[in-house]
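S.K.: prediction below, plus the sequence it came from.
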Amino acid sequence: MKSKLQTAINNCNVSRFRFYVQIFSFALLVYGGYLAINIGDQLPTFACVFDQMRGGACYLMGLQHQMTTPFKSYFSGRGIGMLTGLLTFFLFFIALNKAWCGFVCPLGTLQDWLSSLRRKFGIRYATYSAQNFKGLGTIKYILLALLILLPMAIGNSFFGLPKLNHDFGVPFCMICPGRTLLPVFHGDFSQFIIDFSSKTKMVFTALGMAVTGMLLAGAFAKKRFFCLFCPMSAFHYIFHKAGLLRLTKDGSKCTRCGNCYRACDVGIHAIADDLTHKNIIKDDCMMCLKCIEACPEEDCLKASFFAMPVYESSAQGFFKRMQGKCHGK
Amino acid sequence: MPSFSGGIPGLKGSVCFLTSVMPFLLLGVATVTEAQGLPPLRLALSPTAPVGEECLAHGQGGPAKGGKAVDDRRPVLESEHRPLPVRTYHFNAHRRLADVKAYVRHPDGTVDVPELRLGANPQLTFKTPFGDGPNHGAHNVYVVEQGVEGDVLVVRTAKWIVMHHSCGWGHDQKFNEQLTQPQPLESIPMEILISDLWDGNFHFRVTTGQKLSITVLRNGHPLAKARVSVRSEQGWVKEVDADKDGVATFQLIRDYYPTRWQEFHRTRRGEFLATATYEAEEHGEYKGIPYGRVRYITTHPWTYGPSSWDYASYSMGLLIAVIAMALTGGGVFIYRERRKKPYQEIVFEE
């Protein structure tokens, strides 16, 4: 028997709650500097260091920077610095698990706004086939490997090859659309440039602008277009089992209606198809909890924090939410 | 700097002659050089290196691969990106009989006297403990030399600012203007303040084309009509007089023109020298020697890099973004159009 409070929470519209959390997070991470706020430089979300008035910074920048350390320095004070950075990231991460992507990420929020714009125009959204989804999903692991290995090759020589120059220092940041787009929100267009000072810089900045253009058009057509390629999402997945916030599924209660898949912004097929695994968090999941919201089965999908249920699927909640969407009317 | 020894003809004679005459010769040479005017006192990493501190890890420029073009990059300044626990600065020769003192103004406003070593290789040393504490920020380093020449009290001061910063300590202090804008030290007879030396993240920001606002201060107060000059690395010099607020404004000239694109280095840093001079009718006595005039000469070297306008293009960036948008949007549109199947009906016909 559920408490009244739990029932009330289960009946609520989590998307609306998420919308306000996203606005708050966006303001905090993009404009926080105006209030001298700095949450930290090891955040598990895109808060761009190129945004001078940010309220926090993405860990990937620090990680890439630290990867330039020569191997022999790993066991020195710099090694301690690297471990401290990773530990700080980990502590931030486990608090929200992959919900950092769904609730906090400013770049994700930006994509959600573009999707809202598409809805306003009445244009239908795009989806990937299962095969394409799987193939494209591997890109984020390739990007994650490159953002670690390229800076590593600056401070170290691999297989006797010459070391890379410092222009490879933060390769992912150079192509990340967060670098180009987030500073724009306080009038800084300085990242919209092609840097001709070296071939490497030229290629990276050109790629960065191309990815920015692709994101703006892609996120308009496909919900959370960039998230499928995001190396931060891949990095999250390494630690997701330690997350305190969890998303679980009781396969025995699933009728495979497919609502959860249709609600999923990223388009994860397994959320509907997987009836065997209890932990349903996949590498592309952003824990927006829209799947729970769309599930009509009692306790089939559940979000819990420290094993305490936070939000559960329920028939009552489902039909209550659907009333507002004019279904069946 | 003129030397007191060497190059004096006729001294290869007897030792007796040399020992008896040398003090008078030296005194004579010293008097002549001082009368002609000494070069401004100037702080530097070493007697031969440019201003600032070298980062040995990033290396010096040198012959490029294959022995072709010579890499003209300057060493990356250590203080720009990595702190040191102890800082050592050298300065050019001082007058023997003059009074030389050194000071360091720390970011929290406290003033210390660094360890000063005079002699053939004059230098000063001070400690800069690590950490995001009171030492995080700009440390002003001063050398002040005072002495009477004839009836003129000559006051030569040299200044350098070291930014003691590590990105690992964070950038929260960027909101403290006391740290990102150079602060004066009132006890210095005359000094130069140059604004906007760093960006918000404590990194060097001076580039060609930038307008430098140089304020001349005498004991911490603006000094009007001081003669201010800026000399670029290639020797371009501009001189102006400070206005009533002690401010002189310069636009830093672009003087970096590599002949080939491959030779262009965005991180290359040139060196400019800001010098201010001022003379006043002042009567007094310094260490028992009377004087009727005071001549102030102060220097502040700094470094500058090429402007981003030399190598960055907004139009190309926007062009690439628009092309990428058009291709992505067009691709989605065409894909959707191709998936639209025309209505097909097979009707039986007799």
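M.R.: Right, received. Where do you want to start? Only a predicted model underlies this, so the values are computations on that prediction, with no experimental measurement involved. Numbering: from 1, shown residues only, chains lettered A, B, ... in the order given.
S.K.: what's the burial count for residue 196?
M.R.: Defaulting to chain A. Per other Cβ atoms under 10 Å in any protein chain shown, the neighbour tally for residue A:196 reads 18. All C-beta spots, glycine's among them, are computed from the backbone N, C-alpha and C.
S.K.: oops, I was thinking of chain B
M.R.: 14.
S.K.: what sits against the residue nearest to residue A:228 when sequence neighbours are not counted?
M.R.: Leaving aside its sequence neighbours, residue A:228 sits nearest to residue A:136 (Cβ to Cβ, 6 or more residues apart in numbering or on different chains; 5.4 Å). For residue A:136, the contacting residues are A:128, A:228, A:229, by Cβ atoms under 8 Å, 6 or more residues apart in numbering or on different chains.
S.K.: verify the assumption that residue A:136 is located in a strand.
M.R.: No - using DSSP: H, G, I helix; E, B strand; the rest coil, the secondary structure at residue A:136 is helix, not a strand.
S.K.: so what does the closest residue to residue A:258 other than its chain neighbours have for phi and psi?
M.R.: In space, and not counting its chain neighbours, residue A:258 is closest to residue A:272: 5.1 Å by Cβ to Cβ, 6+ apart. Residue A:272 adopts backbone torsions of phi -100, psi -30, taken as degrees, to the nearest 10.
S.K.: on that earlier part again, now the contacts of residue A:136 in TSV, with secondary structure?
M.R.: Formatted as TSV, these follow (three-state DSSP):
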residue	secondary structure
A:128	coil
A:228	helix
A:229	helix
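S.K.: nearest to chain B, of those?
M.R.: residue A:128 (11.4 Å; Cβ to the nearest Cβ).
S.K.: so what's residue A:40 up against?
M.R.: A:56, A:57, A:88, A:92.
S.K.: in which helix or strand does the closest residue to chain B within the stretch 51-200 of chain A reside?
M.R.: Going by Cβ to the nearest Cβ, chain B is nearest to residue A:197 of the stretch 51-200 of chain A, at 3.6 Å. Per DSSP states H and E: residue A:197 is located in neither a helix nor a strand.
S.K.: the one 5 residues further on now?
M.R.: Secondary structure assignment for residue A:202, by DSSP H and E: helix A:199-221.
S.K.: which non-adjacent residue is nearest the residue in the stretch 201-350 of chain B that chain A sits nearest to?
M.R.: Nearest residue of the stretch 201-350 of chain B to chain A (Cβ to the nearest Cβ) works out as residue B:324 at 2.9 Å. Leaving aside its sequence neighbours, residue B:324 sits nearest to residue A:213 (Cβ to Cβ, 6+ apart; 2.9 Å).
S.K.: residue A:207 too?
M.R.: residue A:175 (4.6 Å).
S.K.: OK, contacts around that neighbour?
M.R.: A:204, A:207, A:208, A:211.
S.K.: if we use 10 Å, what do you get?
M.R.: Residue A:175 sits next to A:143, A:146-147, A:203-212 when contact means Cβ atoms under 10 Å, 6 or more residues apart in numbering or on different chains.
S.K.: which of those residues count as buried?
M.R.: Listed as buried from the contacts of residue A:175 are A:143, A:147, A:204, A:205, A:206, A:208, A:209, A:210, A:211, A:212; burial here means 16 or more other Cβ atoms under 10 Å in any protein chain shown.
S.K.: how about the secondary structure of the second one?
M.R.: The local conformation at residue A:147, judged by three-state DSSP, is helix.
S.K.: do I have it right that it meets residue A:58?
M.R.: No - counting by Cβ atoms under 10 Å, residue A:147 stays clear of residue A:58, with 11.4 Å between them.
S.K.: overlap in contacts of these two?
M.R.: A:172, A:173, A:176, A:232.
S.K.: between those, which has the most around it?
M.R.: Neighbour max across the shared contacts of residue A:147 and residue A:58 (other Cβ under 10 Å) = residue A:176, 30 neighbours.
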